[in-house]
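Asker: starting from these lines, generate the structure:
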Amino acid sequence: MTTLFETLSPLSGGINALLIIISALTSAFTAAVGVGGGLLMIMAMAQVMPATVIIPIHGVVQLGSNAGRAALTWQHIDRRTIAAFLPGVVLGALAAIWLLIRLPAGMLEFFIAAFVLYSCWGPPLPKHALGATGTVVAGAITTLLSSFVGASGPMVSAFIKQGQTNRLNKVATFSACMSLQHLTKVFVFGFAGFVFHDWLGLLSAMIAFGFIGTWIGVRLLHYLSEYRFDALFKWVLTLLSLRLLWMGIQRLGS
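Answerer: Below you'll find the model as predicted:
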């Protein structure tokens, strides 16, 4: 007898159920810590899903997760950053639609990890890099990379971290930026011919449970001190960067 979970996507019922649980857990993690859930999710998805569907499915689920988190923290969003980030997102998405040649496998991981590690442990970015022009450039580059590597969250969060001082501002502004970025994937992969219809059941369930996880994570966010949040935020970014470096080494050597 066909179970409800088996009707959600072409995958098995057990895998669909596992992905729904992962969506809730990673959304709670991102809301509470500030970053990392998207990368954790795409790593889990890569273990059980066909390579051709990972990035578009991940993008739509993360759109739901980030939009929910942005809605719950909307009063803390830095609107000036969003206004400057949006044009870059559009430019990056247009480039992704037409770009057919990719960098050698493994190089993108190195670039992202190097930027994040510099942001965490290097000197502060020059002030002009945090202005409108720098934000447009960051939006364009991270959106372009996101269309090819899926999880650009660590890179976006490293940039947001430099311009925000309050933990709620960091999470809210990051969520709004990522919502815009993931929204472009619907258009990018739609132009590329990806059929989202076959995955709507799984997408809906993962987004719904992701919102529940987000609500729990936002509640936890209020109990973290500024110092504890900043330290945890930095170490999560560092560990994810080291993971990316290792993945890049493996891909270059294969």
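Asker: spatially nearest residue to the one residue sitting closest to the centre of the chain (excluding sequence neighbours)?
Answerer: Central residue of the chain (Cα atoms, centre = their mean): Gly153, 3.8 Å from the mean position. Residue nearest to Gly153 in three dimensions, not counting chain neighbours: Gly38, with 4.3 Å by Cβ to Cβ, 6 or more residues apart in numbering. Quick note: C-beta positions are derived from backbone N, CA and C, even for glycine.
Asker: go ahead and confirm the one you found touches Gly59.
Answerer: No. Counting by Cβ atoms under 8 Å, Gly38 stays clear of Gly59, with 9.4 Å between them.
Asker: between these two, tell me which one has more neighbours.
Answerer: Taking other Cβ atoms under 10 Å, Gly38 and Gly59 do not tie; Gly38 has more neighbours (29 against 24).
Asker: which helices and strands sit right next to the strand or helix carrying Ala70?
Answerer: Assigned by DSSP states H and E, Ala70 falls within helix 51-72. Counting contacts by 3 or more Cβ pairs under 8 Å, 6 or more residues apart in numbering; DSSP states H and E, helix 51-72 packs against helix 13-33, helix 37-48, helix 132-149, helix 167-191, helix 200-221.
Asker: how about a cut-off of 7 Å?
Answerer: Using 3 or more Cβ pairs under 7 Å, 6 or more residues apart in numbering; DSSP states H and E as the contact test, the elements touching helix 51-72 are helix 13-33, helix 37-48, helix 167-191, helix 200-221.
Asker: quick one: mean pLDDT over that helix.
Answerer: The average pLDDT for helix 51-72 rounds to 82.
Asker: specify the angle between that helix and helix 167-191 in degrees.
Answerer: Helix 51-72 runs at 140 degrees relative to helix 167-191, counting by axes from the mean of the first three to the mean of the last three Cα atoms, to 10 degrees.
Asker: contacting residues for the closest residue to Gln181 other than its chain neighbours?
Answerer: Distances taken as Cβ to Cβ, 6+ apart place Thr143 nearest to Gln181, at 5.1 Å, with adjacent residues excluded. When contacts are counted by Cβ atoms under 7 Å, 6 or more residues apart in numbering, Thr143 is found next to 88-89, 92-93, 96, 181, 184.
Asker: go with 8 Å
Answerer: Contacts for Thr143 (Cβ atoms under 8 Å, 6 or more residues apart in numbering) come out as 88-89, 91-93, 96, 152, 181, 184.
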